[in-house]
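Asks: Here's a sequence, model it:
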Amino acid sequence: MVLASVISFQQVILRSAFIVIGTILLALAGVVQSANSYSIPVAGRNISLPPADTEIGVIQAEAVELVAPPIESKFDSFYSNLPFTNTDEIIAVYAEEAFALDVFQQPENTPGYIEPRLGTATEFEYASRFDNIGILAHNYLSGYDFFKLSQGSIVTVVYGNGRTAKYEVSTIKQYQALSPDSLYSNFIDLASGEQLTSSQLFAEVYTGEHHLTLQTCIEHGDEDSWGRHFIIATPID
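Replies: Residues are numbered from 1 along each chain as shown. Here you go, the predicted structure:
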């Protein structure tokens with residue numbers, strides 16, 4: 001009887017040890033995945049609909065009616081009314097005949113957050129880790145105006161301390177999101193048909209030599225977040 005009790009006690013100890021070790025391994029796996037994965041924010045309405053069954057091809061933004069504030073005709077007028085903060089944070093972006101937007105920062109540890117207000121955009125914190133600038137806006141709000149930019153367009157970034165920096169659009173990239181509402185969707189390059197993971201796409205548009213990337217979603221059919229639209233601009237010396 002004593003021997004049986006000892007064996008039973010040992011089994012309980014071993015079972016508890018296995019549970020503790022398993023919990024630690026699962027936690028470590030989550031840390032590794034988080035450290036090696038980068039998300040691509042969703043800049044549509046986040047509705048849960050399947051992706052459209054369509055051939056791969058470049059998608060143009062569908063016209064929608066928006067009530068937007070008038071675009072300032074001159075940068076100086078826009079600049080003079082900005083709420084300067086005496087910091088090096090980005091507070092605004094401007095493109096002649098396209099948009100004049102206040103820029104807000106993402107809350108800590110929320111890389112998918114985008115300001116839900118017309119006339120605003122959001123700086124993508126993950127891009128700044130690579131000394132680049134990411135500007136996000138919903139396609140049914142200010143991001144709709146991102147489609148007005150073309151190669152050669154000039155975008156001005158304004159900082160809280162009054163400093164400005166100009167960028168010239170060099171490349172426009174479009175991708176279909178295979179899981180439209182997921183930050184970690186796989187993507188298909190609409191130009192080449194190549195499939196990429198979220199981390200591969202992040203590296204494609206947010207890493208490398210210093211540049212500005214504006215991102216919004218591509219609407220297609222009933223899916224606001226069907227794809228992702230990136231405008232990449234390089235600094236003007």
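Asks: Only C-alpha atoms from now on, for both contacts and neighbour counts.
Replies: Noted.
Asks: Secondary structure element holding E204?
Replies: Taking DSSP states H and E as the criterion, E204 maps to helix 198-206.
Asks: after that helix, next one along is what?
Replies: Downstream of helix 198-206, the first helix or strand assigned by DSSP H and E is strand 212-220.
Asks: Grab the CA positions of the very next helix or strand once past that next one and hand them over as PDB.
Replies: Downstream of strand 212-220, the next assigned helix or strand under DSSP H and E is strand 223-235. Taking Å, rounded to 0.1, in the frame of the first residue of the first chain, the C-alpha atoms of strand 223-235 are listed here in PDB:
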ATOM      1  CA  GLU A 223     -15.100  44.100 -49.900                       C
ATOM      2  CA  ASP A 224     -13.600  47.300 -48.700                       C
ATOM      3  CA  SER A 225     -10.300  45.700 -47.700                       C
ATOM      4  CA  TRP A 226      -9.900  43.400 -50.800                       C
ATOM      5  CA  GLY A 227      -6.300  44.700 -51.400                       C
ATOM      6  CA  ARG A 228      -3.600  47.100 -50.300                       C
ATOM      7  CA  HIS A 229      -2.400  50.200 -52.200                       C
ATOM      8  CA  PHE A 230       1.100  51.600 -51.500                       C
ATOM      9  CA  ILE A 231       2.600  54.800 -52.700                       C
ATOM     10  CA  ILE A 232       6.300  54.900 -52.300                       C
ATOM     11  CA  ALA A 233       8.100  58.300 -52.400                       C
ATOM     12  CA  THR A 234      11.800  59.000 -52.100                       C
ATOM     13  CA  PRO A 235      13.300  62.100 -50.500                       C
END
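Asks: Mind listing the strands strand 223-235 pairs with, and their directions?
Replies: Here strand 223-235 is paired, per DSSP bridges, with strand 164-177 (antiparallel), strand 212-220 (antiparallel).
Asks: which of these sits most buried?
Replies: Comparing those by mean neighbour count (mean count of other Cα atoms under 10 Å), strand 212-220 ranks first with a mean of 27.
Asks: Now do it, average pLDDT.
Replies: Summarised as a single mean, pLDDT over strand 212-220 is 98.
Asks: That one: how far from the chain's middle?
Replies: Relative to the chain's own centre, strand 212-220 is displaced by 8 Å; criterion: Cα atoms, centre = their mean, to the nearest Å.
Asks: between the strands paired with strand 223-235, which gets nearest to E125?
Replies: Nearest of these to E125, taken as Cα to Cα: strand 212-220 at 12.2 Å.
Asks: after the lowest-mean-pLDDT helix or strand in the chain, next one along is what?
Replies: One helix or strand of the chain scores below all others by mean pLDDT, DSSP states H and E: helix 2-36, with a mean of 45. Using DSSP H and E, the helix or strand that follows helix 2-36 in sequence is helix 75-80.
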